[in-house]
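quick one: sequence plus predicted model below, questions after.
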Amino acid sequence: MIELRQIVIQDFKSLGDFGLEFSKFTSFIGSNSSGKSTILQSIDFISQQMNGNITQWLKDRNWEANELVCKLSEEKEIWMSISFTYNNEFYIWTFLFSTLSKSCTYEEIYKYNENLENKELIFEIYNSKYNICKDLETKEKLQGDIVTEYEGSYLAKFTDELLPEPIREFKLYLKKIYSLDLLSPQELRKPSKLGSEFGLNGSNLSAFLNSFNEKQKNKLLQQLKKCYQNFDTYNIKKDEDGLLRLEIVEKFGKKKLINDAKYLNDGILRLIAILAQLQSKKSFLLFDEIENGINSELIEFILDTLIESEHQVMITTHSPMILNYIDDEVAKESVQYIYKTEEGFTKSIPFFEIPSMNEKLEYMGAGEVYVDTNLSKLNEEIKIIEQNKEKEEK
């Protein structure tokens with residue numbers, strides 16, 4: 001089983017020199033423009049390396065490749081390092097991404113021993129050559145020149161049988177990361193073609209729901225009925241043009257009302273999209289501003305459901321009070337405070353590793369701690385923490 005453990009990023013948008021340790025559930029808080037959404041985008045960017053179509057991804061986001069690089073830097077390349085575990089063994093994938101070629105011009109994956117002291121190179125891209133350990137037991141290797149053009153990671157070009165199991169599973173895990181940071185109720189309402197993939201902005205929701213088997217649909221219905229007592233079921237209907245449309249059925253006594261998705265409110269559409277992703281086979285789910293459009297009384301249920309999910313989950317929120325619905329122990333592990341330095345770079349620190357925040361948590365809820373905090377003084381405290389760390393490292 002793959003689990004992402006840590007990322008280190010240099011020169012992706014405002015992430016000039018950024019590091020973050022993952023937990024199974026991670027929540028970002030911080031002021032506007034601190035870089036919370038940028039972190040989600042960076043993880044989606046990592047995922048796209050394994051899909052091998054950076055051009056389409058940029059088009060979907062209406063971005064240009066040169067816009068990915070940190071404006072505070074003169075670099076034209078992005079460096080990232082991702083550590084992960086597979087069956088309790090530790091690996092690190094590092095790559096250098098060129099915005100000119102839209103590809104990883106350098107890559108390496110190392111396997112580490114139990115003490116993280118000795119390492120073994122099992123994959124490398126360097127000087128237009130590849131070197132991969134096909135079998136970690138026999139040490140059989142494949143080497144050669146890169147003669148074809150590609151986007152993203154060169155691993156996207158390899159078929160599964162040419163990859164050792166840990167890399168094969170890691171590649172699959174990254175491909176199954178899914179971001180809903182552009183979720184739009186307007187797109188959720190639109191009909192879709194059979195077989196269409198669920199889009200970053202929520203497009204093709206009806207086709208996505210239509211792909212569910214009976215078990216997935218029943219699980220989703222159970223969750224929706226907990227949120228809306230009059231919710232009965234949903235149907236996917238094909239119209240005269242062959243497009244799939246979402247219908248919601250509500251029950252009031254013996255009467256049933258059927259509403260097309262175009263008449264539904266933003267909140268229920270977002271809720272369906274979020275809960276539906278938890279029935280998917282995705283690996284890591286990213287949700288931006290999780291509370292948008294959703295009634296406050298449903299937030300506790302949503303957070304509980306996300307935390308209990310089998311997926312790794314990452315959310316951002318502009319309403320810190322929703323953190324009051326998270327148990328203190330989960331909050332200590334999962335809540336990350338995102339802020340910008342005086343130079344304009346985005347940084348992250350575990351919120352309750354800040355001494356004054358941890359002290360307040362003894363008698364306040366997690367959200368109340370944040371609301372009760374003067375951010376300017378908090379940043380001063382963080383500076384002192386960083387200075388002390390630098391002294392210790394020296």
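Noted; the coordinates are in hand. Small disclaimer: the values here were computed from a predicted structure and weren't measured.

can you map out the helices along this protein?
All helices of the chain, identified by DSSP state H, fall at 36-49, 54-61, 165-175, 185-189, 205-210, 214-227, 266-277, 296-308, 328-334, 355-360, 366-371, 375-393.

mean pLDDT lowest where, among the ones you listed?
Ranked on mean pLDDT, the bottom entry among these is helix 375-393, at a mean of 83.

go through it and flag the buried ones.
Under the neighbour-count criterion of 16 or more other CB atoms under 10 Å, helix 375-393 has Leu378, Asn379, Glu381, Ile382 buried. Glycine gets a C-beta too; all of them are placed from N, C-alpha and C.

contacts for it?
Ser31, Tyr337, Tyr339, Ile349, Ile354, Pro355, Ser356, Met357 (CB atoms under 8 Å, 6 or more residues apart in numbering).

Thr38 and Asp44: what is the separation?
Thr38 sits 11 Å away from Asp44, going by CB to CB, to the nearest Å.

oh sorry, the question was meant for Glu381
32 Å.

list the contacts for Gly16?
If you count contacts by CB under 8 Å, 6+ apart, then Gly16 has Gln10, Cys70, Leu72, Ser73, Glu343, Phe345, Thr346 around it.

and if you look at Ile7?
Phe18, Gly19, Leu20, Phe22, Ser42, Ile43, Ile46, Met80, Ser81, Ile82, Ser83 are the contacts of Ile7 under CB under 8 Å, 6+ apart.

residue furthest from the geometric center of this protein?
Farthest-out residue of the chain from its mean C-alpha position, per CA atoms, centre = their mean: Lys254, at 42.5 Å.

per-residue confidence for that residue?
88.

before we move on, the earlier item: now intersect the contacts of Gly16 with the strands, please.
Among the contacts of Gly16, the ones falling in strands (DSSP state E) are Gln10, Thr346.

widest-spaced pair of the contacts of Gly16?
Gln10 and Glu343 (14.0 Å; CB to CB).

the two: which has the busier surroundings?
It is Gln10, of Gln10 and Glu343, that has more neighbours when counted by other CB atoms under 10 Å, with 18 against 7.

state the distance from the more buried one to Ser153.
In terms of CB to CB, Gln10 sits 17 Å off from Ser153.

please apply the same query to Asn118.
25 Å.

ok, now Lys225?
Taking CB to CB, one finds Lys225 at 42 Å from Ser153.

the more surrounded of those two?
Ser153 (25 against 14).

show me what the most centrally placed residue in the chain bridges to in the sheet.
For the chain, the residue sitting closest to the mean C-alpha position, by CA atoms, centre = their mean, is Leu286 at 3.4 Å. On the basis of DSSP bridges, Leu286 is bridged to Ser179, Met314.

dump the residue contacts of it.
Leu40, Ile43, Asp44, Ile177, Tyr178, Ser179, Leu180, Asp181, Met314, Ile315.

one more: Gly199?
Asp60, Glu187.

confidence score at it?
The model's pLDDT for Gly199 equals 86.

with Glu342 instead?
Taking Glu342 on its own, its pLDDT is 87.

likewise Lys394?
65.

I'd assumed Ala65 was in contact with Lys102.
Yes: Lys102 lies in contact with Ala65 (CB atoms under 8 Å); the separation is 5.6 Å.

mutual contacts of these two, please.
Ile54, Leu58.
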